[in-house]
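S.K.: What shape does this take:
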Amino acid sequence: MKRFQPLFIIICLCFGSALYSQSFEDLNAPSFPAATIINSDANEISRPKSLKGFEAVLLNNFVDSTNNILVPNNFALEFNPYTLSKRKNFNYEDYINNYKGLKTLSFSLAANTTYKINDSTNIEAIGVGARMFILNGLPASFDSTKYQRLVAQYKKLTSYNSSLILRATAFIATKPEATIATDELKNALKKEGDQEELLNLIDLIFEDIDATINKNEIVEVLDTSIKTKSRNKTLEAFKTYLDKVKNERYGLIWEINGAVGIANAATITSPQQGIWSTFTYRPIKKDENGDNVPSPFEFTNLIRYTNINNDFIKGIDPYANAINLEQNFDIGLQTALDLDQFSLELEYIYRINSEKNTDKLLLNVGYNITNDILVSFNFGKDYHELYDTSKENLIAGLSVDFGFGTISKKSITDLFNNDLN
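M.R.: Numbering: from 1, shown residues only. Below is the predicted model of the structure:
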C-alpha cells in the first residue's frame, strides 16, 4: 500500500478540485447556548465558583464607572448552582459516578453589541441559556486507585511545602546577614531521616535559584519554586484526569438545552429562541490494559427547534425578507465509526419549515494514509432550495488534509496520556 500512497495523493489533488466537500452539521447540543442564540463569539468564558465571584463578574461587566447599566461585547458567563456553595463532606468520586440531573444544571449568560439584523445593521443583544444532562452514562476511565494516588500525592507535596517553609524560616532567624549562599540554605533544609522523595524535591527546587539570595526573599522564592516545579504540575495532572473522567463517558447520554435572545431590555423582546435535545449512545469496550473506554462507534439523535422573531426583525428593517428561513424544526440522526485509519459517518436530517419541508443525507468515508494525511469522500444530498425545489442538490466531495501546521490526532492522544501518567 505504501508504494501507491504518492500516486493516490496526486490523483486526489488532480481530481479533487472538480468536487466540493460538504461538512457534517453539529448534531450535538451547543455547549454554550446563550452565546449560540445571539451569535456571540466570546474568547473567554467566566465560570465563577462562588456567589461573591458571580456578583463581581456581573458588576465588572454590566455596570460602568458611573453606575449605569451597559451591554458588554462578546461577554460570556456560565455558572453551575450546585458548585456555587460549599458542601461539607464532598465526595468527588460519588460526584463523578453520578454526574447528571441537577448536578449538571448550568445557566449561561452572553452579551453582544453586534447582533446582526442585516448587512449594515447591528444591535445590542443578551442571550440567556440553560443546559442539563438528564442521563449521562458512566465514566469510561475512572480509576479509584489512581484518583486516590493523585490526591495523596498532592497532599504530600503540600505538606512538604509547609515543612520546607518552616525550616527556611527557622534558618533565616539564625542568620544576621542580608544575603545567604544558596548551597548553605539548601543543605540546611535537608534533615537526617528525610524521605528520598523530599530530598529529591529540595534538589529540584534549587536548580534555577541564584548562587546567593536575599534573606527577605527566601520564603517567597521557595514557595514559588515548589509550586511551579512540582505541586502545580501534580495539581494540573489531577485536574486533567478529572476533566477526562468527567467528559469521557459511555452508555446513554441525554442532554437538553435551551436559550432565548433578548434585544430590547425595556420591552423584553426576543429576536431568537432555540431548544435542543440530544440523545447519544456510546458502547463500551476494553482497551489493552483491560480498562473500560468508549468504543469507536457512536450514535446521536438530535431534536432541534430554532426560531427568529420576524416581526421584530422587520420592525428594525422593513425590507427584510418576509420568509423566515431560520424557523426550523429538525430531527437528525448520525452514526459514526472511528477506527485507527478508517472512519465512516452517516447523517440524516429531516427539516420541517413553515414554507417547505426538506431533508439532508450525507455519507462520509475517511482514510488516514499517514498520521498527518487524511483523505475523505462525501456523498449525498443537501436541503432543497426554498425557491427552486426542482434542484436535487446532490453532494459529492473529495478532500485531502495534509495537516500542515497541526498536531496529529495520535500525537495529541499520546501527549494527553503522558500528562496523566
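
S.K.: When you work out contacts or count neighbours from here on, use the C-alpha atoms and nothing else.
M.R.: Will do.

S.K.: pLDDT weak spots in the stretch 201-350 of the chain?
M.R.: In the predicted model of the stretch 201-350 of the chain, residues 264-268, 291-294, 317-326 satisfy pLDDT under 70.

S.K.: what are the ranges of the helices in the stretch 151-300 of the chain?
M.R.: 182-189, 196-205, 218-226, 232-247 (DSSP state H, counting those that start in this stretch).

S.K.: the domain parsing of this structure - what is it?
M.R.: 1-17+339-421, 23-139+250-327, 147-240 (automatic domain parsing).

S.K.: Give me the nearest residue to K227, chain neighbours excluded.
M.R.: Leaving aside its chain neighbours, K227 sits nearest to K233 (7.8 Å; criterion: C-alpha to C-alpha, 6 or more residues apart in numbering).

S.K.: so how far is N112 from that neighbour?
M.R.: 36 Å (C-alpha to C-alpha, to the nearest Å).

S.K.: pLDDT score assigned to R131?
M.R.: Looking at R131, its pLDDT reads 94.

S.K.: One more: A34?
M.R.: Predicted confidence (pLDDT) for A34: 88.

S.K.: What count of nearby residues applies to it?
M.R.: A34: 31 surrounding residues under other C-alpha atoms under 10 Å.

S.K.: Can you name the residues that contact it?
M.R.: Contacts for A34 (C-alpha atoms under 8 Å, 6 or more residues apart in numbering) come out as 108-110, 126-130, 259-261.

S.K.: I69 now?
M.R.: Here I69 is in contact with 62-63 (criterion: C-alpha under 8 Å, 6+ apart).

S.K.: 10 Å instead, please
M.R.: If you count contacts by C-alpha atoms under 10 Å, 6 or more residues apart in numbering, I69 has them with 59, 61-63.

S.K.: Restricted to helices, list those residues.
M.R.: In helices, defined here by DSSP state H, the members of the contacts of I69 are 59, 61-62.

S.K.: For the residues you listed, which PyMOL command selects only the ones that are buried?
M.R.: Applying 16 or more other C-alpha atoms under 10 Å to the ones in helices among the contacts of I69, the buried members can be selected in PyMOL as follows:
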select buried, resi 61
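
S.K.: how about the ones in helices among the contacts of I69 in a markdown table, adding pLDDT?
M.R.: Output for those, formatted as a markdown table (pLDDT from 0 to 100):
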| residue | pLDDT |
| --- | --- |
| L59 | 87 |
| N61 | 87 |
| F62 | 87 |
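
S.K.: Now tabulate the ones in helices among the contacts of I69 in JSON lines and tack on distance to F377.
M.R.: Below are the ones in helices among the contacts of I69 laid out as JSON lines (distance: C-alpha to C-alpha, whole Å):
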{"residue": "L59", "distance to F377": "50"}
{"residue": "N61", "distance to F377": "46"}
{"residue": "F62", "distance to F377": "48"}
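
S.K.: list the helices and strands the longest strand along the chain packs on?
M.R.: The longest strand of the chain (DSSP state E) is strand 121-139. Applying 3 or more C-alpha pairs under 10 Å, 6 or more residues apart in numbering; DSSP states H and E, one finds that strand 121-139 makes contact with helix 33-37, strand 75-79, helix 92-97, strand 106-118, helix 232-247, strand 249-262, strand 272-282, strand 292-294.

S.K.: deepest of the ones you listed, which one?
M.R.: For these, average neighbour numbers computed from mean count of other C-alpha atoms under 10 Å are highest in helix 33-37, which has a mean of 27.

S.K.: export it as CSV, just CAs?
M.R.: Extracted as CSV, the C-alpha positions of helix 33-37 are listed here (Å, rounded to 0.1, in the frame of the first residue of the first chain):
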residue,chain,number,x,y,z
PRO,A,33,-26.4,28.0,24.4
ALA,A,34,-26.6,31.7,25.5
ALA,A,35,-23.8,32.6,23.1
THR,A,36,-25.1,30.5,20.3
ILE,A,37,-28.5,32.1,20.3
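
S.K.: Now do it: distance to the chain's middle.
M.R.: In this view, helix 33-37 has its centroid 15 Å away from the chain centroid, taken as C-alpha atoms, centre = their mean, to the nearest Å.

S.K.: pLDDT at the residue of the chain positioned farthest from its centre, what is it?
M.R.: Distance to the chain centre peaks in the chain at P176, reaching 52.7 Å (criterion: C-alpha atoms, centre = their mean). P176 carries a pLDDT value of 84.

S.K.: mind listing what it touches?
M.R.: Counting by C-alpha under 10 Å, 6+ apart, P176 has contacts K215.
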